[in-house]
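K.L.:
What follows is a predicted structure for the sequence shown.
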Amino acid sequence: MTSPESDLDATPLRMRKALGRFASGVTIVTTAESELDDSVHGMTANAFTSVSLDPPLVLVSIANRAKMNDKITATGRYGVSILASDQEPLSLHFAGATERHDLVRFTWRKGVPLLEGALVHLSCQVTDSHPAGDHTLHIGRVDELWYDDGRPLVFYTGSFRALELQTPDEAWGF
Ligand code: FAD
């Protein structure tokens, strides 16, 4: 017989609720077998983090059941587009929640597709992939990056938000 769930148990639902209180940006992760728009696959991800500055490394955590996981393994490359506050519809599209093909426009950097209108573009080569539970961590070396100023799209407690603050130029920053 299983014991009743306590309010300290790390169940999947409670993990989702607790970690949803860690505010994040929103990215679209992309990969492609060739440099043709037709071969691109994209998906929305917020399990993205900076890993190292020198060498420049990032990671994305992709569900094993997501199509993206096998595609990144096959291509050995991925792009990360950090979304601007007006790109919520794209985020929903690449999560499979709505269909907005009319908004999808790719630009290419180092053979990697990225989303037009994003705040940041990173083109990455996979250096390591680590299975971790029901996800896989794909560490990528950043070959090329581009960024612009603007307001980021924010995800917090399961909802999209926008920051009410200064532009990076006005803000206290690193
Ligand atoms: P699909 O579900 O088949 O594709 C996703 C969508 O992208 C489809 O609607 C498809 O039409 C569209 N699409 C794909 N390629 C193209 C293209 N070339 N042109 C136009 N449209 C295209 N999951 C994780 O594993 N890790 C995360 O960190 C993560 N974070 C998330 C954060 C948020 C805010 C949200 C909303 C979802 C997150 N997800 C995350 C869930 C993930 O986005 C979905 O499970 C997604 O559907 C998985 O995509 P897939 O690779 O299985 O492909």
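P.N.:
Alright, I've got the coordinates.
K.L.:
Sketch out the low-pLDDT regions of the protein for me.
P.N.:
1-5, 165-174 (pLDDT under 70).
K.L.:
make it 80
P.N.:
Low-confidence segments of the chain (pLDDT under 80): 1-5, 164-174.
K.L.:
tell me which parts of it are close to the ligand?
P.N.:
Counting by CB under 6 Å from any ligand atom, the residues of the chain close to the ligand are 26, 40-47, 61-63, 66-68, 91, 93-96, 101, 104, 155. C-betas here are computed from N, CA, C, even on glycine.
K.L.:
Can you say which of the residues you listed are buried?
P.N.:
Burial of those was assessed by neighbour count (16 or more other CB atoms under 10 Å); the buried members are 26, 40-46, 61-62, 66, 68, 91, 93-94, 155.
K.L.:
of the residues you listed, closest to residue 117?
P.N.:
residue 91 (11.9 Å; CB to CB).
K.L.:
what residues are up against that closest one?
P.N.:
Residues touching residue 91, when contacts are defined by CB atoms under 8 Å, 6 or more residues apart in numbering, comprise 26, 28, 44, 83, 153, 160.
K.L.:
Can you pick out the ones from those residues that are in strands?
P.N.:
Here DSSP state E is the test, and those give 28, 44, 153, 160 as lying in strands.
K.L.:
Quick check, the first one in contact with residue 89.
P.N.:
Right, the one you point to is residue 28. No: in this structure residue 28 lies outside contact range of residue 89 using CB atoms under 8 Å: 11.7 Å.
K.L.:
of the two, who's got more company?
P.N.:
Between residue 28 and residue 89, counted using other CB atoms under 10 Å, the more crowded position is residue 28 (24 against 14).
K.L.:
tell me the contacts of the more buried one?
P.N.:
Contacts of residue 28 by CB under 8 Å, 6+ apart are 42, 43, 44, 45, 80, 81, 83, 90, 91, 94, 115, 118.
K.L.:
Let's see that with 10 Å instead.
P.N.:
Neighbouring residues of residue 28 by CB atoms under 10 Å, 6 or more residues apart in numbering: 42-45, 79-83, 87, 90-91, 93-95, 104, 113-115, 118.
K.L.:
and what of residue 10?
P.N.:
residue 18.
K.L.:
do you know how far it is from residue 157?
P.N.:
According to CB to CB, to the nearest Å, residue 10 stands 18 Å off from residue 157.
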